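[1] Turn this into a model:
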Amino acid sequence: MKSKRIFFWLLLLSALLLSACNMPSATEPDRPADPNAVFTAAAQTASVQLTQAADSEDASTSTPTTSVFLPTVTPAPTIITITPTSDNCDKAKFITDVSIPDGTGFAPGESFTKTWRIRNDGDCTWTSDYALIFDTGEKMNGASPQLLMGSVGPGDTVDISIDLVAPNTTGNYTSNWQIRNTAGKLFAKVYVQIKVIDPTFAVTSVQNLETFYISGRGAAFTADVTVNRAGKVKYHWIVKESGQPDITTPIEEIDFASSGSKEVSALWTGCPHSGDFTASLYVDDPNHQQFGSASFKCP
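    Below you'll find the model as predicted:
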């Protein structure tokens with residue numbers, strides 16, 4: 001059985017050799033092909049195919065060692081410079097009421113002039129093209145717009161006045177005004193608050209209230225009292241210190257032969273100790289109303 005297998009394989013090998021001998025040559029058609037060359041070519045072909053397959057597999061699973069990787073360059077972001085716009089062009093600071101303190105009383109239809117002291121706290125100059133205009137509340141017959149008089153530079157202070165008329169009905173009234181620049185922007189809000197009272201005898205305003213200390217004598221108080229007709233005014237002074245009870249002076253009286261203003265004054269010698277104080281004028285009759293406030297210091 002073993003000898004039959006050997007014979008079979010020898011026969012098969014002989015057939016292959018004879019077939020190889022009969023194959024045509026690609027380079028020399030007239031010369032019989034060398035069997036060894038045939039086997040060598042076949043082996044080389046198989047080797048090349050295996051090498052190509054291996055190279056193909058390696059190419060699909062690994063990176064060639066000759067590859068050069070370049071870093072990814074991210075473009076630098078564009079920097080946009082934003083220059084903020086200035087909002088400090090037109091700004092104002094209220095300094096004081098030069099005339100007509102809040103709560104001043106007027107008879108119905110009585111005319112008066114309100115004056116505010118204002119400082120230009122902005123960067124721009126207010127020109128004569130700037131105007132005071134009515135905003136809200138009771139207009140009181142005020143002219144609007146009313147152009148400013150001259151220029152007001154940054155840091156300068158100006159008194160702005162407007163002529164008004166008290167309403168014809170008793171009550172409390174507020175009139176709000178603002179300054180308008182050349183671009184139409186509104187700023188510097190100011191207001192006037194008045195009380196329209198019965199046309200019977202009354203104190204209509206207390207202005208120019210001042211206090212100061214006189215060395216060795218005490219504190220002096222002065223104020224201008226205005227009435228709407230003839231009559232007698234009874235009043236006293238109220239002295240205040242933060243956190244302490246009010247101190248009041250005796251009631252005094254002043255006669256008015258007609259409408260108009262008179263100055264009243266008092267010397268207060270009762271400084272209890274050094275400190276900061278304020279003084280106000282209180283009208284006992286006919287108004288029953290407190291007016292103004294001014295500060296002073298006891299040594």
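
[2] Spell out the secondary structure type for the residue nearest the centre of the chain.
    Geometric centre of the chain, nearest residue: Asp87, 8.9 Å, by Cα atoms, centre = their mean. At Asp87 the chain is in coil, as set by DSSP: H, G, I helix; E, B strand; the rest coil.

[3] May I have the residues that are in contact with it?
    By Cβ atoms under 8 Å, 6 or more residues apart in numbering, no residues touch Asp87. In this view, the C-beta of every residue, glycine as well, is placed from N, C-alpha and C.

[4] do the same with the one 10 residues further on
    Taking Cβ under 8 Å, 6+ apart, we find Asp97 in contact with 114-117.

[5] hmm, try it at 7 Å
    Counting by Cβ atoms under 7 Å, 6 or more residues apart in numbering, Asp97 touches Trp116.

[6] That one pairs with what?
    Trp116 (DSSP bridges).

[7] Next one: it relative to Gly109, how far apart?
    22 Å (Cβ to Cβ, to the nearest Å).

[8] What distance do you get for the nearest residue to Leu148 once chain neighbours are set aside to Gly103?
    Spatial nearest neighbour of Leu148, excluding adjacent residues (Cβ to Cβ, 6 or more residues apart in numbering): Tyr130 at 4.8 Å. Look at Tyr130 and Gly103: by Cβ to Cβ, they are 29 Å apart.

[9] ok, these two, which is more surrounded?
    Comparing Tyr130 with Gly103 by neighbour count (other Cβ atoms under 10 Å), the higher total belongs to Tyr130, at 21 against 16.

[10] The more buried one reaches Gln178, doesn't it?
    No - Tyr130 lies out of contact with Gln178 (Cβ atoms under 7 Å); the separation is 10.7 Å.

[11] if we can go back for a sec, dump the residue contacts of the residue nearest to Leu148.
    148, 179-182.

[12] Can you list phi and psi of it for me?
    phi -80, psi 150 (degrees, to the nearest 10).

[13] separation between it and Ser151?
    Counting by Cβ to Cβ, the gap from Tyr130 to Ser151 is 9 Å.

[14] Next: Ser242.
    Taking Cβ to Cβ, one finds Ser242 at 41 Å from Ser151.

[15] Mind checking which of those two has more residues around it?
    A direct count of neighbours by other Cβ under 10 Å for Ser242 and Ser151 places Ser151 higher, at 14 against 8.
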